[in-house]
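Q: got a sequence here, can you model it:
(chains A, B, C and D)
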There are 2 protein chains.
Amino acid sequence: MNIPNYLAENDIKPSYQRIRIFEYLYHEMNHPTVDLIYKTLAPEIPTLSKTTVYNTLKLFVDKGITSTVTIENNEVRYDAIVTHHGHFKCNVCGIIVDIPLNFNQLNLNELKDVTIEQTQVHLIGKCNKCLTI
Amino acid sequence: MNIPNYLAENDIKPSYQRIRIFEYLYHEMNHPTVDLIYKTLAPEIPTLSKTTVYNTLKLFVDKGITSTVTIENNEVRYDAIVTHHGHFKCNVCGIIVDIPLNFNQLNLNELKDVTIEQTQVHLIGKCNKCLTI
DNA sequence: TAGTAAATTTGTAATCATTACAATTTTATA
DNA sequence: TATAAAATTGTAATGATTACAAATTTACTA
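A: Residues are numbered from 1 along each chain as shown, chains lettered A, B, ... in the order given. Okay, here's the model as predicted:
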């Protein structure tokens, strides 16, 4: 994955900040909040502004290369995976992991008359690590 | 449904404010925000405080007679239905409707090692009414 | 290459939902 | 009726997000 190229292909000029933010999202896969991205990158990019992180993520979402995950209020999280998938969140350690899901298995007969553009499946429980402690 | 009895059965003293707030939730079935509940009831209960609405909904959730719906950030919504079900939200008119779902149909083989305590399924699209305008 | 316009980044202030907390009011009880 | 406990209320604080204008960087053209 060449990140500058990937950004350019998606109509995003690959500025230094944008490259670093997407690189973080893509490599960490940790569904970070804006605050976590900012706190992680700020020491390495001293001029970085939190507003830039907000602006950049909004741009990524608009251009379709990032999705948002809102499981609980007061924290929007971001994900470099944009294909349909679900999320599992451990309510002990807080980790969020992507899970493949076959949405066709949901019986949506009740919804004949609507169009569905987005599906969010969030599972909340305890992860294996926290169960065995 | 006798609301004072229902509250009492669930270990909640049926004060006037609590009765009115639950009555609103239960009859409207509109997945309101705190603000909407407050704005609707305040004219009829002039002394009502928004803090009371927050306190009361937190109590309802703790006692298990209300659930929260967080589809988008910056608005927690409340639902008097607490059995497992999903939600459909129209991104034009904003209406949120409950939808029955058979969660067993989700193929969760990937999650053998975790316990799942809560499942949230949110479908976002356009409702029939907004499609035909 | 310099000069200018456009795009991007930045910092500060404003907004809005929610929570904290102490004071007041109401309810229950002795 | 007096007192304690519970519930309600209003105000202030918090924290995420947005608005916005200034500063900086980049792209383009003469």
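
Q: quick one: residues contacting the residue sitting nearest the centre point of chain A.
A: By CA atoms, centre = their mean, chain A has its centre lying nearest to A:Asp79, at 1.6 Å. Neighbour list for A:Asp79: A:Leu25, A:His31, A:Thr66, A:Ser67, A:Thr68, A:Val69, A:His87, A:Asp98 [criterion: CB atoms under 8 Å, 6 or more residues apart in numbering or on different chains]. No exception for glycine: its C-beta is placed from N, CA and C like everyone else's.

Q: tell me how far the nearest residue to it once chain neighbours are set aside lies from DNA strand C.
A: Leaving aside its sequence neighbours, A:Asp79 sits nearest to A:Ser67 (CB to CB, 6 or more residues apart in numbering or on different chains; 4.9 Å). Per CB to the nearest atom of the strand, to the nearest Å, A:Ser67 is found 20 Å from DNA strand C.

Q: quick one: neighbours of the spatially closest residue to A:Val121 that is not a sequence neighbour, just the number.
A: Leaving aside its chain neighbours, A:Val121 sits nearest to A:Gly86 (3.5 Å; criterion: CB to CB, 6+ apart). A:Gly86: 23 surrounding residues under other CB atoms under 10 Å in any protein chain shown.

Q: picking that back up, show me the contacts of A:Asp79 that map onto strands.
A: Residues of the contacts of A:Asp79 located in strands (DSSP state E): A:Ser67, A:Thr68, A:Val69, A:His87, A:Asp98.

Q: packing partners of the helix or strand containing A:Ile19?
A: For A:Ile19, the element it lies in under DSSP states H and E is helix A:16-28. Where contact means 3 or more CB pairs under 8 Å, 6 or more residues apart in numbering or on different chains; DSSP states H and E, helix A:16-28 is packed against helix A:3-9, helix A:34-41, helix A:50-63.
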